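A.B. asks: Provide a 3D model corresponding to the input given below.
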Amino acid sequence: MSNVVDFIPKSQQAAAKNLEAFIRYAKDVLIPHGIATKRLYDNFQWELSTWHRCGVHNAIFTAWGSTPAKRIEMQIPFVDFAKAIAMYRVVWQRRVVSGYWMTALKALDKALQEINGRGDVTRLNAAICNRACEYFSEKSNAYDYGKNLERIVNLARDKGLLAQPFRWSSPILNPSRETLAEKEKNDQEKLPSRESLQALGEIFVANPPDPLDKVVSSAVAL
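C.D. replies: All right, here's what the predicted structure looks like:
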């Protein structure tokens, strides 16, 4: 199985049927091809809740908020979409499933559950994506999580998996794009004025004899 054909959605077909076909394609086409080409291990099984030990690192299908002490499994129907899109990334796109990618999937699942009451990716829209991005504020590297979510949404749209296709870009800005001038301006805005700094210095150099003056000066400095 040296050749594998990409999944091509039927434009006339409903999103739910396209999603079902995409999952079946991942199971019936991509898994055998991945095993044959050694991208997946021989012990690979779709039903496993983690593929980390089967050649797909970081592919652990737990829900948002899951911890080692309290494991929460990702639920149907979203888990099958998450597995299919991870398999597509590994076998067809020949890319790794990063921790950013999995966290973005988990945030998407949580947002769908919160807004629609069910992890049905066919009902995805921009409001749900924006809600998922709000969860990233709890984490560092929020920009990277947002960009990975953007890639997932684009792939779902391109494969005809959305009932109402839409284009969406992550609203999280890249902090590294701040120019040197902007950085200096922001740094200056965070500092007290030069006059205030000079006044504080003069207070401590004066070494006032009254202990109360020292307490007030220290409080002002803090």
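
A.B. asks: what's the local residue count around Glu20?
C.D. replies: Neighbourhood size, Glu20 [other CB atoms under 10 Å]: 16. C-beta here means a position set from N, CA and C on the backbone, and glycine is covered the same way.

A.B. asks: what separation is there between it and Glu134?
C.D. replies: From Glu20 across to Glu134, the span is 30 Å (CB to CB, to the nearest Å).

A.B. asks: ok, now Ala82?
C.D. replies: Noted for Ala82: a distance of 20 Å to Glu134, by CB to CB.

A.B. asks: more neighbours: the two, which one.
C.D. replies: Ala82 (23 against 13).

A.B. asks: isn't that one right up against Leu105?
C.D. replies: Yes: shown here, Ala82 and Leu105 form a contact pair, counting by CB atoms under 8 Å, at 4.8 Å.

A.B. asks: got the buried residues for the helix or strand containing Ile35?
C.D. replies: Following DSSP states H and E, one finds Ile35 within helix 31-36. Judged by neighbour count (16 or more other CB atoms under 10 Å), helix 31-36 contains these buried residues: 31, 33-35.

A.B. asks: of those residues, closest to Ala59?
C.D. replies: Proximity of those to Ala59 (CB to CB) peaks at Gly34, which lies at 12.0 Å.

A.B. asks: quick one: residues contacting that closest one.
C.D. replies: 40, 44, 55, 87, 90-91 (CB atoms under 8 Å, 6 or more residues apart in numbering).

A.B. asks: and for Ser137?
C.D. replies: Going by CB under 8 Å, 6+ apart, Ser137 touches no other residue.
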